[in-house]
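> Whatever this is, show me its structure:
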Amino acid sequence: MLSRTADNLFWLARYVERAENTARIVDAANRLAAMPISYAGESNEWESAVAATGSLGLFTALDKPATAESVVEFLAFSPKNPSSIRSCIERARLNARTVRTALTSEMWEAINGAWLGLKRFDGISHNRLQLNEFLNYVKEASLRFDGSANRTMLRNDVFFFSGLGAFIERADNTARILDVKYHILLPERESVGGGLDFFQWSSILRSVSANTAYHWVYRESLKPWLVADLLVLNPQLPRSLAACYDAICAFLDELALAYGRQGPAQRVARSIRNRLQNSTIDQVFQGGLHEFLTEFIADNGRLGQAITDQYLV
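Next comes the predicted model:
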């Protein structure tokens, strides 16, 4: 496979995943913002939503207050934000068109249909009902693309490069959401374990479709260390860091077999997976969850660069 084809497949999957992840973050912020002021107290959920996407510096440069309207516009529709939902779907469709012959017809129809469907939401107001309709549309479009890939694609290098892009993006997003909740979101005057804290953890679990999974696994009320355990170390949860790196290592091993050699990407991925497998949540909290997640996000980015250097350039 040509490196530029692999690069387009890798970024096609990353952009689709990023669009869905951003929709989930906006949905979580919208839920938090709907809480009564007398219950929620002073909160910064919209600024935290921007922080969770890694776009806070770009948003700050626009010199706008972090209100519901400005953040929704920035994260969902703004062409000035290369990671906005609209920008991601447009870039994903461009990448898909470039490698059209490498995709199944179902995959192409899913991403092209998602792009065409965006026109339905041109000029929508940011009221809760219309915003929810848009966010559900984005999540469903991503699920259609992911489902078509898993059901129709040959298990070859096309599938493996696409999978690498999706899981690297998913791991980055899970780490950022958890870090923002634990390190930024709870106001100083609110107590850990209080009503606002409980509601925020519940919203974070919903944002990664893990609220029901949490109760299946732990069978007790929400506790921050158990939420972190689920999202970081539990390989049963598809969006956990551990599950993402199990998949990443499997795809990289398949590529190593297909191309007859291993390289830095395989070694970096195994190092990260081994760290996750050999950690306990008590050890993570003793060293600092924020520090653990910050290091993970940097390592995940380093793996993305290693994959690029080894396969995509």
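> When you work out contacts or count neighbours from here on, use the C-alpha atoms and nothing else.
Noted.
> For residue 221, give me phi and psi.
Per-residue torsions, residue 221: phi -60, psi 160 (degrees, to the nearest 10).
> Which element, helix or strand, includes the nearest residue to it once chain neighbours are set aside?
Closest residue to residue 221 apart from its sequence neighbours, by C-alpha to C-alpha, 6 or more residues apart in numbering: residue 215 at 7.8 Å. If you go by DSSP states H and E, residue 215 is part of helix 211-218.
> just checking, what packs against the helix or strand following that helix?
Per DSSP H and E, the first helix or strand lying C-terminal to helix 211-218 is helix 224-232. Here helix 224-232 touches helix 157-180, helix 195-207, helix 211-218, helix 241-259, helix 281-287, going by 3 or more C-alpha pairs under 8 Å, 6 or more residues apart in numbering; DSSP states H and E.
> just checking, next helix/strand downstream of the worst-scoring helix or strand of the chain on mean pLDDT?
The helix or strand of the chain with the poorest confidence is helix 37-40; it has a mean of 49 (mean pLDDT, DSSP states H and E). Where DSSP H and E defines the elements, the next helix or strand beyond helix 37-40 is helix 45-52.
> list the helices and strands that next one packs on?
helix 3-33, helix 56-61, helix 68-72, helix 157-180.
> what number of residues lie near residue 13?
26 (other C-alpha atoms under 10 Å).
> Also residue 273?
21.
> Check residue 278 too.
Residue 278 has 9 nearby residues by other C-alpha under 10 Å.
> buried set for stretch 48-61?
48-55, 59 (16 or more other C-alpha atoms under 10 Å).
> From one end of it to the other, what's the distance?
16 Å (C-alpha to C-alpha, to the nearest Å).
> Run the chain-centre distance for that stretch.
For stretch 48-61, the separation from the chain centroid amounts to 14 Å (computed by C-alpha atoms, centre = their mean, to the nearest Å).
> what does it rub up against?
22, 25-26, 29, 47, 71, 74-75, 81, 83, 173, 176-177, 179-181, 184-185 (C-alpha atoms under 8 Å, 6 or more residues apart in numbering).
> I'd like the average pLDDT over it.
The predicted model assigns stretch 48-61 a mean pLDDT of 89.
> From here on, call the first residue 27.
Renumbered: residue one is now 27, and that last one reads stretch 74-87.
> rewinding a little: which stretch among the helices and strands packed on helix 250-258 is buried most, on average?
Greatest average neighbour count among the helices and strands packed on helix 250-258 goes to helix 183-206 (a mean of 23), per mean count of other C-alpha atoms under 10 Å.
> what packs against that helix?
helix 29-59, helix 71-78, helix 250-258, helix 267-285, helix 315-333.
> Low-confidence regions, the stretch 77-226 of the chain specifically.
Applying pLDDT under 70 to the stretch 77-226 of the chain picks out residues 151-152, 208-223.
> thinking again about what came up before, format the helices and strands packed on helix 183-206 as TSV; extra columns: distance to residue 89.
Shown next, in TSV, are these (distance: least, C-alpha to C-alpha, whole Å):
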stretch	distance to residue 89
helix 29-59	20
helix 71-78	13
helix 250-258	33
helix 267-285	34
helix 315-333	26
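> Minimum distance to residue 190: which of those helices has it?
helix 267-285 (5.7 Å; C-alpha to C-alpha).
> mind listing what's buried in the helix or strand following the closest one?
Next in sequence after helix 267-285, counting helices and strands by DSSP H and E, comes helix 290-303. Across helix 290-303, burial judged by 16+ other C-alpha under 10 Å covers 291-292, 294-296, 298-299, 302.
> any idea which of these is closest to residue 261?
residue 302 (9.8 Å).
> doesn't residue 268 make contact with that closest one?
Yes. With contact defined as C-alpha atoms under 8 Å, residue 302 reaches residue 268; the gap is 6.2 Å.
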